[in-house]
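S.K.: Return atomic coordinates for the entry below.
(one chain, ligands or ions: 1)
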Amino acid sequence: MIQRPLAHVAGLGVFVPEQVVTNRDFEARLETSDQWIVERTGIRERRYAAPGETVATMAQGAANQALDRAGLTAKDLGALIVATATPDRIVPSTGCYLQALIGAHRAAAFDLSAACSGFIYGLTVAEGLIVSGQARHVLVVGGEKLTCITDREDRSTAILFGDGAGAVVLSAGAPEGRGLLSSFIKSDGRLADLLYVPGGGTADPISARVVEQRSHFMKMAGREVFKHAVLTMVEACDEAVRRAGVRPEEIDLLIPHQANIRIIDATAKHAAIPPEKVVVTVDRYGNTSAASIPMALAHAEATGRLKRGMLVLLVAFGAGFTWGASVIRW
Ligand code: UT7
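M.R.: Next up, the predicted model:
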């Protein structure tokens with residue numbers, strides 16, 4: 001059996017767009033209310049990227065901070081992964097744009113498509129690249145510009161999503177026993193159409209009809225997705241904790257994907273993690289898909305809740321469906 005940890009988080013960074021959009025801003029043009037949004041989702045505000053900001057430029061901000069804090073430069077990176085559901089272009093990868101922006105000229109750069117679970121998938125792949133000797137330092141970014149695939153006229157989804165990016169540098173070795181203790185990733189493609197963007201890809205390329213039908217925007221069967229989110233995130237927590245060889249009560253901090261406060265509360269309850277150990281940022285950032293976990297990590301660190309040596313459980317669920325969890329000795 002492989003003895004973990006074999007790789008640790010050497011640096012963490014975040015990029016939060018400046019524009020704040022509050023629930024009140026939606027009240028003016030959609031049949032919704034601040035009260036409904038807060039009660040049903042926990043969201044109070046979210047951030048929108050400026051027109052010139054892309055996933056790559058937001059990722060650049062997060063990446064430079066993560067590298068700085070790791071005491072590394074972009075030239076030290078052997079690989080760079082951008083987990084995103086909203087790539088800047090279909091071709092080439094946002095990873096390659098980011099590579100050029102930060103000057104990571106020695107890295108293999110690519111995108112990872114696992115929706116909201118992308119960051120956990122990214123950590124798992126990065127650890128594999130390190131263990132196989134492909135790279136000593138891997139940058140894992142979760143970055144999204146979800147406002148570009150969100151239908152602002154659809155009240156059931158418009159209120160949920162925001163933009164942003166977060167990044168970590170995963171490095172070989174386990175100083176003081178710190179690092180990734182376990183990962184668990186899984187998916188079920190039979191449920192793909194419960195949360196998807198029907199048009200604008202190669203199955204139904206962009207056309208006047210696609211735009212007219214607004215099928216280039218995200219569609220979600222909210223209640224179904226909600227149900228699966230809780231079930232799968234609980235499975236992922238249990239499995240990651242078991243694989244790490246720890247007990248749930250040893251977990252110091254739970255950092256769940258930030259989709260809905262009710263999903264977060266239900267997951268924490270079933271995973272036997274008390275509320276005071278749960279990090280919540282959905283109130284301030286909404287759902288930022290692959291960016292939500294690294295943004296929440298950065299928030300927890302900035303507010304003094306995430307400290308070196310802590311046992312941290314990350315868990316996510318997203319379109320695909322995909323889900324996963326990791327335990328990290330921070
Ligand atoms: O990132 C990973 C993937 N995403 C998720 O995990 C999201 C999972 N789903 C959810 O978070 C929730 O299902 C939503 C927040 C999307 C919806 O909450 P819900 O409690 O499941 O509401 P619902 O879809 O069952 O709708 C209840 C009612 C409906 O009205 P009727 O049919 O009962 O008259 C909706 O039309 O609420 C209505 N509604 C709204 N009302 C005011 C839906 N959106 C809104 C809104 N404002 N923004």
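S.K.: pLDDT wise, what is the residue in the stretch 151-300 of the chain positioned nearest to the ligand at?
M.R.: When scored by Cβ to the nearest ligand atom, the stretch 151-300 of the chain has G222 as its residue closest to the ligand, at 3.0 Å. Just so you know, the C-beta spots here come from the backbone N, C-alpha and C atoms, and that holds for glycine as well. Per-residue confidence (pLDDT) for G222: 96.
S.K.: Next, the nearest residue to it once chain neighbours are set aside: phi, psi?
M.R.: Residue nearest to G222 in three dimensions, not counting chain neighbours: S156, with 6.0 Å by Cβ to Cβ, 6 or more residues apart in numbering. For S156, the backbone dihedrals (degrees, to the nearest 10) come out as phi -80, psi -20.
S.K.: Please verify my assumption that S156 contacts A221.
M.R.: No. Here S156 lies out of contact with A221, judged by Cβ atoms under 8 Å, at a distance of 9.7 Å.
S.K.: Looks like D252 contacts M310 (just checking).
M.R.: Yes. Using Cβ under 8 Å, D252 is in contact with M310, at 4.0 Å.
S.K.: for A104, what are its contacts?
M.R.: Counting by Cβ atoms under 8 Å, 6 or more residues apart in numbering, A104 makes contact with 74-75, 77, 80, 98, 139.
S.K.: can you map out the strands along this protein?
M.R.: Using DSSP state E, the strands found in the chain span residues 7-15, 19-22, 45-48, 79-83, 108-112, 137-145, 163-172, 179-187, 195-196, 219-220, 253-256, 311-318, 322-329.
S.K.: re earlier: pick the one among the contacts of A104 closest to T54.
M.R.: Closest approach between these and T54, by Cβ to Cβ: L98, at 9.6 Å.
S.K.: got a list of what the closest one touches?
M.R.: Contacts of L98 (Cβ under 8 Å, 6+ apart): 56, 59-60, 63, 80, 82, 104, 109, 141.
S.K.: and if we set it to 7 Å?
M.R.: By Cβ atoms under 7 Å, 6 or more residues apart in numbering, the residues touching L98 are 56, 59-60, 63, 80, 82, 109, 141.
S.K.: Among the residues you listed, which pair sits farthest apart?
M.R.: Maximum distance among the contacts of L98 (Cβ to Cβ): 12.6 Å, for Q60 and A109.
S.K.: Would you mind measuring from G320 to the ligand?
M.R.: 10 Å (Cβ to the nearest ligand atom, to the nearest Å).
S.K.: Name the residues of the stretch 1-150 of the chain found near the ligand, please.
M.R.: 32, 36-37, 40-41, 116 (Cβ under 6 Å from any ligand atom).
S.K.: Of those residues - the most surrounded one?
M.R.: Neighbour counts for those peak at C116, which has 31 neighbours (criterion: other Cβ atoms under 10 Å).
S.K.: isn't that residue right next to A290, touching?
M.R.: Yes. Contact criterion Cβ atoms under 7 Å: C116 and A290 qualify, at 6.2 Å.
S.K.: show me where pLDDT drops low in this protein?
M.R.: Along the chain, segments meeting pLDDT under 70 span 1.
S.K.: highest average neighbour count across the strands of the chain?
M.R.: Most buried of the strands of the chain by mean neighbour count (mean count of other Cβ atoms under 10 Å) is strand 137-145; its value is a mean of 33.
S.K.: Return the list of helices and strands in contact with it.
M.R.: helix 55-70, strand 79-83, helix 118-131, strand 163-172 (3 or more Cβ pairs under 7 Å, 6 or more residues apart in numbering; DSSP states H and E).
S.K.: What angle do strand 7-15 and that strand make with each other?
M.R.: Between strand 137-145 and strand 7-15, the angle comes out at 30 degrees (axes from the mean of the first three to the mean of the last three Cα atoms, to 10 degrees).
S.K.: got the angle for the helix ranked longest in the chain vs strand 311-318?
M.R.: Across the chain, the longest stretch assigned as helix under DSSP state H is helix 222-244. Between helix 222-244 and strand 311-318, the angle comes out at 150 degrees (the same axes, to 10 degrees).
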